[in-house]
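# just a sequence and a predicted model for now, questions to come.
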Amino acid sequence: MTIEIELKFITTPEGAEKLPARLAAWPNQHSAPQKLTNIYFETPDRQLRRWDMGLRIRGFGDSYEMTLKAAGQSVGGLHQRPEYNVPLEKPELAIERLPAEIWPQEVDLSSLQAQLQPLFSTHFMREKWVVTYLSSEIEVAFDRGEVQAGELSEPLHEVELELKKGERADLLAFAAELAEMGELRLGSLSKAARGYALVQGNVEAEPRPLPVLKTRPKATVEEGMLAAFTLALSQWQYHEELWLRGNKAALRKIHEALETLRQAFSLFGTLVPRKASSDLRQKLTQLEEVLAEKKAQPSLCFTPLWLQTQLALTDWIASEGWRPFIDSKTDSKLQGSFKRFGDIMLGRVSADLKETFAHVRQFSEYQDKLTRLTRQLLAARLLAGAYDEAAVEAWLSGWEQLAHAIKTQQEAWVDSCRQQALKQPVFWKNSGA
């Protein structure tokens, strides 16, 4: 088994033309393009997908290899997954040759193999460079081809950076330098994920609301903080895909994802010093300024600023970039109960909303306070995952109805919505509990 650490990018045809010249800036060994075919296998009931596994046979020349990728971690476009490779003499599955311990207990391998059938395939030309960067060796692979499922297909223009030897920090630093050429964006979806989407008919996805953040029982404050930033990044990248596919409503959700990041920084600001994230927040501010300009276009997703901001956030999350800036006292607080932290912070959110909307008379006052209300609702969603779902939704819906009435200028209903929101019972413990 190996642990595969890689970054995936989507590029444009223009970016593909620039890539060789950009890579020439570092010592590298080049390999000529090679034709590759991958056939992905699955059961009729999508059992491998439920186990978060991917199984394929890759053909290159007269050689074949079976690969199984097991459940791992993915943040932004940084993928870290256990990978098992078995050479084959012919393109036929032989899952009994994979390590027995990777399968869930009591799996009948003979029965499983009998159910596995080709689901979709990828066909592409792969050109590679092994780049020496700082103390690391990084393989850069450019794939140009398509993903195919039945009669449906989707073009591939992907650049993958895989850490062959060295440090993950070098991989991310190299990616940030490569981003300067433009025409690249992080690929949060693997080839397999895109293949599954084609199998399902490539149904157009819809914008999704920010969910209430769920963490494991008895999560620490640090785990909750990590989950909050990861959720905001996931929302950003999900809606980026939609915006690029022509969904205009997705732009508003991108703004919301960036504001969610702001609220996460604010919530945990008493524990993480501002200097720990100053460079990242500066990039976010620059990006928000560009997005605020009239007629922002999806091509913005392929600019260096967009990519370098996502890379900085991915690096900050993956490397726990706050750790060098905290002392033992703060660390002790970070290891405390996230639910207890949520009790305290939700109390503050509620107190702020009640103070803000206690005495509002003119509709213009409501409009002035809408941004504050929106931000506090995002903060509440990052804090409320440990509580009864029905109680959480009841409290949120009261304030969200007020926000909707303000946005849609329902002056006749806005005061009634305000009064109902102020009456909503709390679902968390008192901050002194």
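In hand now; what should we look at? Numbering: from 1, shown residues only.
# wait, a strand at Leu161?
Yes - under DSSP: H, G, I helix; E, B strand; the rest coil, Leu161 sits within a strand.
# please name the nearest non-neighbouring residue to it.
Leu7 (4.4 Å; C-beta to C-beta, 6 or more residues apart in numbering). Every residue, glycine included, has its C-beta placed from N, CA and C.
# that neighbour contacts Leu186, correct?
Yes - using C-beta atoms under 8 Å, Leu7 makes contact with Leu186 at a distance of 7.4 Å.
# identify the residues contacting the one helix or strand Ser332 maps to?
In the assignment (DSSP states H and E), Ser332 maps to helix 328-334. Applying C-beta atoms under 8 Å, 6 or more residues apart in numbering, the external contacts of helix 328-334 come out as Thr220, Val221, Glu222, Met225, Leu271, Ile326.
# what's the answer for stretch 108-127, then?
For stretch 108-127, the surrounding residues in contact (C-beta under 8 Å, 6+ apart) are 30-44, 47-48, 55, 93, 95-96, 103, 141-149, 156, 191, 195-196, 198-199.
# hmm, which of those residues are the buried ones?
With neighbours counted by 16 or more other C-beta atoms under 10 Å, the contacts of stretch 108-127 contain buried members at 36-43, 48, 55, 93, 95, 103, 141-145, 147, 149, 156, 191, 195-196, 198-199.
# ok, Arg50 to Trp103 distance?
13 Å (C-beta to C-beta, to the nearest Å).
# ugh, typo on my part, it should be Phe120
Counting by C-beta to C-beta, the separation of Phe120 from Trp103 is 23 Å.
# pretty sure Lys128 contacts Ala141?
Yes - between Lys128 and Ala141 there is a contact at 5.0 Å, judged by C-beta under 8 Å.
# list the contacts for Gly71?
Actually, residue 71 is Ala. It isn't Gly. With C-beta under 8 Å, 6+ apart, Ala71 has these contacts: Trp51, Asp52, Met53, Arg81, Pro82.
# switch these over to CSV; also include secondary structure and pLDDT.
CSV is the format used below for those (DSSP: H, G, I helix; E, B strand; the rest coil; pLDDT from 0 to 100):
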residue, secondary structure, pLDDT
Trp51, coil, 91
Asp52, coil, 88
Met53, coil, 90
Arg81, strand, 75
Pro82, strand, 86
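# buried ones among those?
By neighbour count, with 16+ other C-beta under 10 Å, these hold Met53, Arg81, Pro82 as buried.
# leaving out chain neighbours, which residue sits closest to the last one?
Here the nearest residue to Pro82 in space, its sequence neighbours aside, is Ala70; by C-beta to C-beta, 6+ apart that works out to 4.4 Å.
# what residues does the one you found make contact with?
Ala70 is in contact with Asp52, Met53, Arg81, Pro82, Glu83, Tyr84, Ile102, counting by C-beta under 8 Å, 6+ apart.
# all set, thanks.
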